[in-house]
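S.K.: Can you look at this prediction? I've put the sequence above it.
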Amino acid sequence: MTETDDIYDGVAWDLSRSLSYGQYLQLDKVLDAQSPRSGEHDELLFIVIHQASELWMKLCLHELRGAADQIRNDDLEPAFKMLTRVGRIQTQMIQSWDILATMTPSDYSRFRAALGTSSGFQSHQYRQIEFMLGAKNARTLDVHESDPQTHALLEAALATPSLYDEAIALLSRRGFAIPAGHLARDFRQPYEASVEVEAAWTAVYRDVDRWWDLYELGEKLVDIEYRLQQWRFSHMKTVERIIGYKRGTGGSSGVAYLVKALERPFFPELISLRTVI
């Protein structure tokens, strides 16, 4: 051994050549990314919760894009693993609201002014997730007009077929009668429910043995919508608990906006078919 070697649990490490844990994870950057502006104790909690959520959203996008690619290639087993992982990530994100809810209204009021006009409404990753799941709304890009790079990123995401678009295209390739207007459309526009698409999914759910992989795909999508709505609900109740019905820091209507978001489904036919079968 040389003086640059070390032993831990019987393993010799050459510290002069090894890549350390901190270097691999770039912890110097990660742990230096929290810059409270007020000096108030609870501001660090607020920052860490939101930064951690953004990291989870980054991984969600990675998995959702990968799943869309696999569905496009009619290779559903890898897609199922990716979508299951998204569900587990969502569970972590839902639980994060319980941590943030330990902050009281008076705690938050001490540093709220330090946030300026910043708002979670400006999260471009969350907007990409919505677009990826089919909730397209071109007006949400207006928030990012002053940031050309982010605006262009969202423009591209808006024009990309959603995960649900890919699932419907797969139904068509499997022989189900899907309207041409749902297969070749302006993907920048919000998805509109179709009786034909509902009929296709209903046929899948009525003959599970024949269409098991499509049935499982439908349920994976419902799982994601279910958890995202849980996340939205927990978000709304946490905001209500901490600031009541004040307007959001970025100018949104706060709780009222979050309540309205709960009314918007992502995969409408996968919900409506349950009334039919």
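M.R.: Everything's here; your move.
S.K.: Which residue is the nearest non-sequential neighbour of residue 271?
M.R.: residue 265 (5.8 Å; CB to CB, 6 or more residues apart in numbering). (Each C-beta comes from the backbone N, C-alpha and C, glycine too.)
S.K.: Can you name the helix or strand that the one you found falls in?
M.R.: For residue 265, there is no enclosing helix or strand under DSSP states H and E.
S.K.: Quick one: neighbours of it, just the number.
M.R.: Neighbour count for residue 265, taken as other CB atoms under 10 Å: 17.
S.K.: ditto for residue 238
M.R.: Close neighbours of residue 238, defined as other CB under 10 Å, add up to 20.
S.K.: Now do the contacts for the residue positioned nearest the centre of the chain.
M.R.: Nearest to the mean C-alpha position of the chain, by CA atoms, centre = their mean, lies residue 129 at 4.4 Å. With contact set as CB atoms under 8 Å, 6 or more residues apart in numbering, residue 129 has these partners: 57, 60-61, 64, 228.
S.K.: change it to 7 Å
M.R.: Neighbouring residues of residue 129 by CB atoms under 7 Å, 6 or more residues apart in numbering: 57, 60-61.
S.K.: For it, give its distance to residue 187.
M.R.: Using CB to CB, to the nearest Å, residue 129 is found at 16 Å from residue 187.
S.K.: on contacts alone, who are the packing partners of the helix or strand that contains residue 56?
M.R.: Per DSSP H and E, residue 56 falls inside helix 43-72. Packing partners of helix 43-72 (3 or more CB pairs under 7 Å, 6 or more residues apart in numbering; DSSP states H and E): helix 76-100, helix 124-132, helix 163-173.
S.K.: got JSON lines for these, with distance to residue 219 and mean pLDDT too?
M.R.: Converted to JSON lines, these look like this (distance: least, CB to CB, whole Å; pLDDT from 0 to 100):
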{"stretch": "helix 76-100", "distance to residue 219": "10", "mean pLDDT": "97"}
{"stretch": "helix 124-132", "distance to residue 219": "18", "mean pLDDT": "97"}
{"stretch": "helix 163-173", "distance to residue 219": "12", "mean pLDDT": "98"}
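S.K.: Out of the ones you listed, which is closest to residue 233?
M.R.: Closest approach to residue 233 among the helices and strands packed on helix 43-72 (CB to CB): helix 76-100, 8.9 Å.
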